[in-house]
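# all I have is the shape, not the residue letters:
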């Protein structure tokens, strides 16, 4: 299957990208953003095309997306009032702080990867690797020094991909009791330097 990767997405692609994101991260976010129909509404509204690299098949169908975060924005944004509009204020008051626990802080000169999502019908085609390389290219084009990401303990396949692509572990964070909410015990911070050979 042939595909192309380009920055951004069209307005009529929001729902498809939101569905891919939920499919990829529902295991981690279902307690905090579920039920599914509300999560999809929230995600679709908050998606930022300026922080998305979108893979499309030859027919134009969205096959996958890679998100990133810089000082200019993130793939998934949103504030308390945005949560409240979908979930109500009472519900937003506990969802917001929990989401903050998995929020990652920016560092100067670093592009923060904000998730790679590949549709089930496009897996095994090298799309994840291509999207990761597109993230690295984006960091270079923006004149940044490195790409950082977090990989959770329940996703060894992703970690193996990142290591093959030159990312190195630079830290480790345990979730403690919050593992029962997010479904994983720990996350490893990994870094790829732009000065490395790709």
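Nice, thanks for sending it over. If you're wondering where the values come from, they're calculated on a predicted model, not measured in any experiment. Numbering: from 1, shown residues only.
# against which helices or strands is the lowest-mean-pLDDT helix or strand in the chain packed?
Here the helix or strand of the chain ranked lowest by mean pLDDT, DSSP states H and E is helix 179-182, holding a mean of 85. Using 3 or more C-beta pairs under 8 Å, 6 or more residues apart in numbering; DSSP states H and E, the elements in contact with helix 179-182 are helix 14-33. For glycine as for every other residue, the C-beta is placed from the backbone atoms N, C-alpha and C.
# average model confidence for the helix it packs on?
Per-residue pLDDT over helix 14-33 has a mean of 95.
# just checking, what packs against that helix?
helix 36-46, strand 62-70, helix 89-101, strand 110-118, helix 179-182.
# tell me the contacts of the residue most central in space within the chain?
With distances taken as C-alpha atoms, centre = their mean, the residue of the chain nearest its centroid is residue 115 (1.9 Å). Each residue near residue 115 by C-beta atoms under 8 Å, 6 or more residues apart in numbering is listed here: 21, 24-25, 66-67, 75.
# swap the cut-off to 6 Å and go again
Residue 115 makes contact with residue 67, according to C-beta atoms under 6 Å, 6 or more residues apart in numbering.
# need the residues that contact the least confident helix or strand of the chain.
28, 31, 185.
# which one of these sits closest to residue 104?
Nearest to residue 104, judged by C-beta to C-beta, of those is residue 28 at 13.3 Å.
# next one, pLDDT for the residue nearest to the centre of the chain please.
Residue 115 carries a pLDDT value of 88.
# report the separation between it and residue 195.
As for residue 115, its distance to residue 195 is 25 Å (criterion: C-beta to C-beta, to the nearest Å).
# any low-confidence regions in this protein?
196-198 (pLDDT under 70).
# residue contacts, the residue nearest to residue 13 when sequence neighbours are not counted?
Excluding the flanking residues, the one nearest residue 13 by C-beta to C-beta, 6 or more residues apart in numbering is residue 62, at 5.4 Å. By C-beta under 6 Å, 6+ apart, the contact list for residue 62 reads 13, 16, 56.
# most neighbours among these, which one is it?
Among those, residue 13 has the most neighbours (other C-beta atoms under 10 Å), with 21 neighbours.
# please, which helix or strand holds residue 144?
Per DSSP states H and E: residue 144 is located in neither a helix nor a strand.
# next, count neighbours for residue 169.
Residues lying near residue 169 (other C-beta under 10 Å) number 13.
# roughly how far apart are it and residue 129?
To residue 129, residue 169 is 19 Å away according to C-beta to C-beta.
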